[in-house]
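Visitor: the sequence and its predicted three-dimensional model are supplied below.
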Amino acid sequence: MAERAYITPIADEDLYVLDTASWRVYRPVMDKSKCVECGMCMTYCPVRAIIGTDDKKYKITYDYCKGCGICAAECPRKAIEMVLEGGAE
Amino acid sequence: MAERAYITPIADEDLYVLDTASWRVYRPVMDKSKCVECGMCMTYCPVRAIIGTDDKKYKITYDYCKGCGICAAECPRKAIEMVLEGGAE
Amino acid sequence: MAMKEIRLHGRGGQGAVKAAQLVVRAAVTGGKQAQFIPFFGVERKGSPVFGYLRVADEPIRRKTQIYTPDMLLILDDSLVMLPETYAGLKEGGVIIINSTKSAEELNIPQQAGTVAEVDATAIAEKHLGRNIPNTTILGAFGKVSDLVDTETLFSTIEEIFGKENRKCAEEAYEAVTIIRK
Amino acid sequence: MAMKEIRLHGRGGQGAVKAAQLVVRAAVTGGKQAQFIPFFGVERKGSPVFGYLRVADEPIRRKTQIYTPDMLLILDDSLVMLPETYAGLKEGGVIIINSTKSAEELNIPQQAGTVAEVDATAIAEKHLGRNIPNTTILGAFGKVSDLVDTETLFSTIEEIFGKENRKCAEEAYEAVTIIRK
Amino acid sequence: MSYIDVLREAEDQVTPGASACQGCGGELILRTVLQIAGKNTILGVPPGCMAGAGSVGWNFNSGVRIPVTIPLLDNCASLFTGISQMYQRKGREDVNAVIVAGDGATADCGFQSLSGAAERNEKILYVCYDNEGYMNTGYQRSSTTTKGSRTSTTPLGSVINGKVQHQKYVPLILSMHGLEYCATASPSDMKDFVEKVQKGLAASKKGFAYLHVFSPCPTGWGYASDQCIAVARKAVKSNMFPLWEKDENGYKINKVIKDPMPIREFVQGISKFKKLTDEQIDSIQQMVDTRYAELERLAGKE
Amino acid sequence: MSYIDVLREAEDQVTPGASACQGCGGELILRTVLQIAGKNTILGVPPGCMAGAGSVGWNFNSGVRIPVTIPLLDNCASLFTGISQMYQRKGREDVNAVIVAGDGATADCGFQSLSGAAERNEKILYVCYDNEGYMNTGYQRSSTTTKGSRTSTTPLGSVINGKVQHQKYVPLILSMHGLEYCATASPSDMKDFVEKVQKGLAASKKGFAYLHVFSPCPTGWGYASDQCIAVARKAVKSNMFPLWEKDENGYKINKVIKDPMPIREFVQGISKFKKLTDEQIDSIQQMVDTRYAELERLAGKE
Amino acid sequence: MGVIKVLTGNYSASEGAALCRPDLIAAYPITPQSSVVEYLAGKVHNGVLDSNLVQVESEHSAMSVVEGAAYAGGRVFTATSAQGLALMYEPYFRMATLRLPMVMAIATREMTSPETIWSGQQDAMSVRDAGWIQMFCDDNQEITDMVIQAYKIAEDEGVLIPVNVCYDGFYSSHLTTGVDLPLQEEVDAFLPPVHFNHATLDPDHPISLDPMTPGNLLMKYRRSHLEAMKRVPEVVDRIDKEFGDKFGRYYGGMISEYRIEDAEIVIITVGGMTGAGMDAVDAARENGIKAGLVKLRFTRPFPAARVAKALEGKKAFAVIDRSVCFGWSCGPMYMETKASLADAADQYCHFSAIGGLGGADISTDMIYSTIQKLEDNKETKTELETQWYITE
Amino acid sequence: MGVIKVLTGNYSASEGAALCRPDLIAAYPITPQSSVVEYLAGKVHNGVLDSNLVQVESEHSAMSVVEGAAYAGGRVFTATSAQGLALMYEPYFRMATLRLPMVMAIATREMTSPETIWSGQQDAMSVRDAGWIQMFCDDNQEITDMVIQAYKIAEDEGVLIPVNVCYDGFYSSHLTTGVDLPLQEEVDAFLPPVHFNHATLDPDHPISLDPMTPGNLLMKYRRSHLEAMKRVPEVVDRIDKEFGDKFGRYYGGMISEYRIEDAEIVIITVGGMTGAGMDAVDAARENGIKAGLVKLRFTRPFPAARVAKALEGKKAFAVIDRSVCFGWSCGPMYMETKASLADAADQYCHFSAIGGLGGADISTDMIYSTIQKLEDNKETKTELETQWYITE
Ligand SMILES: Cc1ncc(C[n+]2csc(CCOP(=O)(O)OP(=O)(O)O)c2C)c(N)n1
Ligand SMILES: Cc1ncc(C[n+]2csc(CCOP(=O)(O)OP(=O)(O)O)c2C)c(N)n1
Ligand code: SF4
Ligand code: SF4
Ligand code: SF4
Ligand code: SF4
Ligand code: SF4
Ligand code: SF4
Ligand SMILES: [Mg+2]
Ligand SMILES: [Mg+2]
């Protein structure tokens, strides 16, 4: 659509994306050594910020992670720790 | 209310009564000799045209009876007959 | 032909609406203009119903009730007790009524012209086994008025209601009597 | 006193609305006229929020957004990146900001007059354990502006948010630094 | 008092000349409910045959001897929430708030307000007379219409033969709202019906009571006007319309039919069913059996 | 594919930056449902937190990668009836018509249209995320709110302590509509949830499928944001939120809890429950037990 | 040429709708409309009409279902009256503001309370500010013809606004008369298959329909809606001509006039009363009264300019309304007719300013700009263009 | 004198309502209204307010519940916005036409679509022909005061019409400022306990409320409603004075004027934009523009005579609407202001004729009588009384 006709309100340009990473106070940090790749953290992350990687492992992405701490709370191995943002990782 | 103010539509004068007897084509006629005063006809009459009398009997009133024939159909003794209106009673 | 206004009076269940719609159909089939409006009360079996029928050569514009009818078509003679039944009948207006009563008993109003009577109930019960006098009285209507072509009327009745109803109309056509002229 | 228009900038969750309502209360308690209108975006934690605060001696009539503020109250210095934050600031307008950055880093606009800075986040975290800098920055506001009586402001804070918050405000009152005059 | 004496003694609250059709099940239900509810009742009858029959009146004349109103088709239960609460507030707990509504007003247009009032447990007795269609507007389908029925919006056409869906079984749905009292009744079983109205009225002093009553309609369904009770009886006997109730003691089937009449027999002689295919009959039979089995399980009979 | 692989492989259809609160159960539900439904889906999200979180977009940007609309709060199921029927008509039975709606849109404002679509058996998958209140407008009570809860319209006052009524148990009510498929699910039991979404999608090719999902809300209910799954798990373990389904084979309890957690324990640490009286706790416990017993009977376990 | 059928007004609407081949029809009964959907149900159940028929549980759902079908690009139809229209008001408003073209017949009926099922135009009139085009028919022929034309108007790409074809309950809906029914092929040639895709939900082209919209942007949609409304008279005229050329019946566009040229006295009518109005005019003429008649065929948009023109130089007029305007203690079309004459006053410079929709601000500066514009034009004594407080 | 409290606009409405001691309050949340009912719920749950609080499942039920309570003679309150108002439209219309006095606050909000939750007056404006009195507040003080006055207006036995107290969503509903809250005793003295019994369902005096009503009779109810509307301005003036005498705040009745005496240029405002309007007028005056302002405090009934009078002799005016009139491509209050000026034209004899409601006929003779009346008065060039086609 070259110029909008303002007929019907539609959204067709792009995704509406908020910088939810900026909400994060605590940052989930995965201890790969403890992780058994069970995937629980991924299944429970409401943001889908934890993704499976090609090597069948799991990885926390921080672009949108809100720092809720669910992954840490649900990891059966306690392999994820919530660390204050800005502090040491 | 001396004169209506026409504020809110209310009906407070009398009952709205239709001459439903005029609908009747067949007239229910009770054969007292067959009747055992069970009251079924009264309980089933949709018009409540059959009433209990002081002497614990039942009586068909014709002012509003529509002639549906339910009483005749339901009388366990077949004590009520439907007779063409205008014909002999 | 100037527009003719006909008011129908019947009772719920007598088929007045169907009859009038049939006249419209017959009139239109015959190239005339016609219109029918039923009047909706709290319509239940046995309660009085009205209808407004108009037939004309020219397009009919008004879509109103009829206050000064040229003709009354009365399907039930008990209705003559109601004040609205004869109300507004034009000077010389025609009455067609399903009845066996006399003009006096029917309390025919002063200004009436032709009054035609037929025992549509008896005819209907004979042919149809029920008091649905609507198609029957149309036979009388066909005879007394010249608003629709009689053969078109009969064939429309047959087409919509079947042979028995046509017989009713035909018998009424013959049986109708003029009790006042 | 002519009407003063103050625009608040904060992020969802920082308590900007509550703070501004508190100022209204303190002003009204002190016999002034005051008004606050929050601007509703799709307000969620972390998203930028605005508010419009007016204080005056005379009744305030307009109930509009503020386009040319006399003062800006900025609860989060990351907001200075947004073009709307400094927009329309009056010549010589006052800025009160929760920050530890320099005027250059804050990109203070040309027309600004007094710029006051306080590390409200640190103070709030010290007393409250959370980054809710709203009551804290009010201490700086009390110091820099003379729109409400300071003691009334502090006691209103205490009344509504409790002692710890009063402490925040008091500390900020002392700690505020004028980084530009 | 025996139910016969109750009906014998209690005053009829409805105009003696009401314009419901000859042999209308709804009229029988309306009169019976109000005889039992009595004078101290505020009545609501939404648009539908029972309002159309004149119960709400015409001009300056009422159709009943008690205070009455015609709610919207879609707000009976919420309108009566207001009425009931005001009478509670006035300390007039003695006043009955009674609604007699058709299946359209109940299951379709007014279902949300009904469900809401049930959830809030408002002190109301809500009686639905279920004639399985919108009779007052000329017999269109409602959600309680039995599958395959001929109605004026589900005609027996060459491609679609009557109504497509099974009926929505409102009483069981309502009973899942945790009411004070919920029951089905049939005019064929007057004793049961009378007792349920009595129980319903009593329950409505504590919360929401719902009664779903089978209401045969000679005009719409197409059967002789004297067959009203016979049709209702067959509905009960075939488990097309089982009689049950749910109160604080749980579900109970009030009339267990030993050897239920097949649906094929029930539908005989009712012209809305006249062109049912074998497949449709089997499908209804299956629905009836499944539903009954569910009721049995709920009643703890398995 | 194991449910973990399903979630691992399937594309996330929702904007990565959605403004649901930290630790929102609804967001997890929305993303999970859409991952499984996939690209070939038309989505409806009525007013409520999930729409408010941006899934329907802002200005010229959408919040999801698939076609989406925001129905009225009160017409999700009927709006989607039209959409679904048009796609059937076009021969595009492959397209999923999916609604993800809050409990307010489902159980209250939109309940009638939902019940109607269920009765007509429209080909739709309707997922209700039940956070027990109107969260988007500031946590007011809904009909699914648990008794005694503190909400902004049922505050913990000196005369009335939270919500008065028990919750309306929508899934069981819906299941009585004779759907293709009806089930409850919880984000704590992901395998079960994923399978039910899959079953629901399959069922929605034949008729109406309804999924009622427990959706803990840290902001409204008042608990730490990392406790979302823990709270959901306790709800399942206490039978506050039993997991069951109904399909063509009848009712089935999917997870039988041997030794259910007492409600007293479930409500711990959730601040909307913080002032529950013993009486209120007992009353909830009793409701939970009664309801579970009913489910057991329906599932033929008695 | 078509085929003459004897039909009620309702059946005339149904036949018109069926000839337009709707994809989906929602049916819910209400007197006096019910037979519209019954008749269509008959056609669908008998395979004569290939439409999806949805038997909803309320009018709220009727409008919602057709709305959903329109989201998927369908041509849709439904019909209602009075309480049904009131109950569907929320999705009704939205159908228009999403600019989804459809046709809904309204067999007009008085609004409860007082409790009534009879004729009256209060239902449609009371919701005339919900964004729809509304037109009122006089006779059955016009009903059929206008349902067909209405689709063409609604779907015109310069319009894209749904249309209510209104006609009087009972007096027209139940009036039986002969109607010249267009043939299917003719209608197919007149009305191409539906095609609008400004609002279509389709997995192959994912969009969001109706994302959250800030006020300034919302006003652009509103302004565009009003601009489309302004185009309606010309589209109506064009389609009236096209239809007339094809089917031999012309209706005159937004209004139609009767014996107006030399009239001193004008009555203005809406809907089915028009026929009686013409008869009354004839009678008046016979009695030496120079009477004429203007029929408001379309009431939305209100044909202000044409009404003002028709009344130019006349001595007296009355507007006959079959509804009331509660806020003015007169009929609504009378009030609006007066509004259409105000410009003749030539007393003021004046205009409408619109702003602050959808949360947009009405700032002091905006109001000041209005004052300035008035000041600059105060001697012109004319109406100026509507001013929108939109910051581009 | 009352007590100063710092309140949002919504809380101002709640406080006003609470001071009127409603018997029953229906609560359903919608942005931006929700905090009205939340605040009241807080009072009820804490025993501060003795009202029945009903937490309904939709606004349709909210209006229905309060309607039921009014059937039992109760004083009732609820509040809503936008979609909620639209959803309750059917019972909303009925509340007014049953002439049940109540007050409903509307925190005005733009109507969907486009999807929005923000400010705008489209919601209330679009339903302005549903029989309610509608008034718009400028500031929080006026909100509190007008809720109280509104009960007195609504319950006035010459009025008996429900009242909408409208104020702008967010701009007023969420505006925090100081409000002088009347004391309970003062309000009790000002507003007596509710008493109306023209429509009460009571087993001790059985009536039918809203029996079936034929058209001719229905028109008598409608006419009576319109006559009551006509009495509103005088009642509003009286109550404004009574309130002012007691509480020291006068509002000016149907409209209020600002710097109007010598103005050449007038802007007309509705609701919360008025304050900015006054500021803009002051600014214009400073720049030598002779500007003034008229605030439409009541929009239903429309204060046509007072507006026309206020504009007399002025050179230019604009009406600022926060909503659109889809049928006129301008703002609704602009259109109606034009209607209120039409009489100044003095070109025609004219009047409104109303008939055919509720199924009554509009006969040829009736129309003829209208023509005759015009003929008889054609040289008068004035507006005549509305003619009702009622056959007594
Ligand atoms: C909102 C609304 N839609 C439609 C109607 C028209 N209407 C009046 S009665 C009725 C049917 C009622 O059916 P039901 O409740 O089953 O009662 P019955 O006539 O069968 O006794 C309908 C659809 C209405 N009054 N209100
Ligand atoms: C008719 C109508 N009434 C009220 C609203 C306001 N409203 C928007 S979202 C919402 C609450 C929705 O609650 P729920 O469906 O449970 O979703 P949640 O916010 O809890 O996710 C309400 C009441 C509305 N949009 N439409
Ligand atoms: S839940 Fe824990 S163990 Fe499992 S994949 Fe995640 S980090 Fe590893
Ligand atoms: S903290 Fe929350 S959002 Fe971040 S990765 Fe863990 S679960 Fe996901
Ligand atoms: S039913 Fe028969 S036996 Fe019984 S009382 Fe009536 S007439 Fe007598
Ligand atoms: S025929 Fe019908 S109405 Fe008459 S008494 Fe018998 S049951 Fe009653
Ligand atoms: S149509 Fe049926 S339900 Fe209605 S009055 Fe007649 S018999 Fe009774
Ligand atoms: S309020 Fe609750 S449901 Fe809504 S987004 Fe936040 S956590 Fe989720
Ligand atoms: Mg029914
Ligand atoms: Mg919710």
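Guide: Received, thanks. Numbers count the residues shown, from 1 in each chain, chains lettered A, B, ... in the order given. Ligands and ions are numbered 1, 2, ... in the order given.
Visitor: what's the mean pLDDT across the helix or strand that contains G:V319?
Guide: Following DSSP states H and E, one finds G:V319 within strand G:316-321. For strand G:316-321, mean pLDDT rounds to 93.
Visitor: and stretch E:163-172, by the same measure?
Guide: 98.
Visitor: could you do stretch C:3-15 as well?
Guide: 93.
Visitor: got the CA positions of it in PDB?
Guide: Extracted C-alpha coordinates of stretch C:3-15, given in PDB (Å, rounded to 0.1, in the frame of the first residue of the first chain):
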ATOM      1  CA  MET C   3     -59.300   2.100  -7.300                       C
ATOM      2  CA  LYS C   4     -61.700   0.000  -5.200                       C
ATOM      3  CA  GLU C   5     -61.100  -0.400  -1.500                       C
ATOM      4  CA  ILE C   6     -62.300  -3.600   0.100                       C
ATOM      5  CA  ARG C   7     -62.200  -4.300   3.800                       C
ATOM      6  CA  LEU C   8     -62.200  -7.900   5.000                       C
ATOM      7  CA  HIS C   9     -63.500  -9.000   8.300                       C
ATOM      8  CA  GLY C  10     -63.000 -12.500   9.600                       C
ATOM      9  CA  ARG C  11     -61.800 -14.400  12.600                       C
ATOM     10  CA  GLY C  12     -58.400 -15.900  13.200                       C
ATOM     11  CA  GLY C  13     -58.200 -19.200  11.600                       C
ATOM     12  CA  GLN C  14     -60.800 -18.500   8.800                       C
ATOM     13  CA  GLY C  15     -58.100 -17.800   6.200                       C
END
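Visitor: could you identify the helix or strand that succeeds the strand holding G:V319?
Guide: helix G:332-341.
Visitor: so which elements touch that following helix?
Guide: If you count contacts as 3 or more CB pairs under 8 Å, 6 or more residues apart in numbering or on different chains; DSSP states H and E, helix G:332-341 packs onto strand G:265-269, helix G:304-311, strand G:316-321, helix H:332-341, strand H:349-354. Yep, even glycine has a C-beta here, placed from its N, CA and C like the rest.
Visitor: any stretches of chain A with poor pLDDT?
Guide: Applying pLDDT under 70 to chain A flags the ranges A:1-2, A:87-89.
Visitor: now the helices and strands packed on helix G:332-341 in CSV, with distance to ligand 5?
Guide: Converted to CSV, the helices and strands packed on helix G:332-341 look like this (distance: least, CB to the nearest ligand atom, whole Å):
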stretch, distance to ligand 5
strand G:265-269, 61
helix G:304-311, 70
strand G:316-321, 58
helix H:332-341, 67
strand H:349-354, 56
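Visitor: mind putting these in CSV, mean neighbour count included?
Guide: Formatted as CSV, the helices and strands packed on helix G:332-341 follow (neighbours: other CB atoms under 10 Å in any protein chain shown):
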stretch, mean neighbour count
strand G:265-269, 28
helix G:304-311, 20
strand G:316-321, 28
helix H:332-341, 26
strand H:349-354, 26
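Visitor: which one of the ones you listed has the poorest average confidence?
Guide: Across those, the lowest-scoring stretch is strand H:349-354, with a mean of 84.
Visitor: for the next helix-or-strand element following it, enumerate the helices and strands it packs against.
Guide: Sequence-wise, the next helix or strand downstream of strand H:349-354 (DSSP H and E) is helix H:364-377. Packed against helix H:364-377 by the contact rule (3+ CB pairs under 8 Å, 6+ apart) you find strand G:265-269, helix G:273-286, strand G:316-321, strand H:349-354, strand H:387-388.
Visitor: 6 Å instead, please
Guide: strand G:265-269, helix G:273-286, strand G:316-321 (3 or more CB pairs under 6 Å, 6 or more residues apart in numbering or on different chains; DSSP states H and E).
Visitor: mind saving the C-alpha coords of that helix as PDB?
Guide: Only the C-alpha atoms of helix H:364-377 are listed here, as PDB (Å, rounded to 0.1, in the frame of the first residue of the first chain):
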ATOM      1  CA  THR H 364     -54.100  10.000   3.500                       C
ATOM      2  CA  ASP H 365     -56.500  12.200   5.500                       C
ATOM      3  CA  MET H 366     -53.900  12.800   8.100                       C
ATOM      4  CA  ILE H 367     -51.400  14.000   5.600                       C
ATOM      5  CA  TYR H 368     -54.000  16.100   4.000                       C
ATOM      6  CA  SER H 369     -54.600  17.800   7.400                       C
ATOM      7  CA  THR H 370     -50.900  18.600   7.500                       C
ATOM      8  CA  ILE H 371     -51.100  20.200   4.100                       C
ATOM      9  CA  GLN H 372     -54.200  22.100   5.200                       C
ATOM     10  CA  LYS H 373     -52.500  23.400   8.300                       C
ATOM     11  CA  LEU H 374     -49.500  24.600   6.200                       C
ATOM     12  CA  GLU H 375     -51.800  26.200   3.700                       C
ATOM     13  CA  ASP H 376     -53.700  28.000   6.500                       C
ATOM     14  CA  ASN H 377     -50.400  29.300   7.900                       C
END
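Visitor: next, the buried residues of that helix.
Guide: Buried positions in helix H:364-377, judged by neighbour count with 16 or more other CB atoms under 10 Å in any protein chain shown: H:364-368, H:370-375, H:377.
Visitor: confidence score at the nearest residue to G:I289 once chain neighbours are set aside?
Guide: Counting by CB to CB, 6 or more residues apart in numbering or on different chains, H:E375 is the residue found nearest to G:I289 once chain neighbours are left out, at 4.9 Å. Predicted confidence (pLDDT) for H:E375: 91.
Visitor: then the one 4 residues further on?
Guide: Looking at H:E379, its pLDDT stands at 90.
Visitor: could you report the neighbour count for the residue nearest to G:A27 when sequence neighbours are not counted?
Guide: Leaving aside its sequence neighbours, G:A27 sits nearest to G:V37 (CB to CB, 6+ apart; 3.7 Å). G:V37 has 31 neighbouring residues, counting by other CB atoms under 10 Å in any protein chain shown.
Visitor: just checking, G:V37 is part of a helix?
Guide: Yes: per DSSP: H, G, I helix; E, B strand; the rest coil, G:V37 lies within a helix segment.
Visitor: distance of it relative to G:I25?
Guide: 7 Å (CB to CB, to the nearest Å).
Visitor: mind checking the helices and strands packed on helix G:332-341 for the one nearest to H:K315?
Guide: Nearest to H:K315, of all the helices and strands packed on helix G:332-341, is helix H:332-341, at 13.4 Å by CB to CB.
Visitor: for that closest one, what is the distance to the chain centroid?
Guide: Helix H:332-341 sits 17 Å away from the centroid of its parent chain (CA atoms, centre = their mean, to the nearest Å).
Visitor: run through who's touching it.
Guide: G:335, G:338-339, G:342, G:345, G:352, H:125, H:270, H:302, H:304, H:307-308, H:319, H:321, H:325, H:328 (CB atoms under 6 Å, 6 or more residues apart in numbering or on different chains).
Visitor: try it again with 7 Å
Guide: G:129, G:335-336, G:338-339, G:342, G:345, G:352, H:125, H:268, H:270, H:296, H:299, H:302, H:304, H:307-308, H:311, H:319, H:321, H:323, H:325, H:328 (CB atoms under 7 Å, 6 or more residues apart in numbering or on different chains).
Visitor: now C:L75: how far from C:P109?
Guide: Distance from C:L75 to C:P109, by CB to CB: 18 Å.
Visitor: coming back round to it: anything in the strand holding G:V319 near chain C?
Guide: No: Strand G:316-321 lies apart from chain C when judged by CB under 7 Å from any CB of the partner chain; the minimum separation is 12.8 Å.
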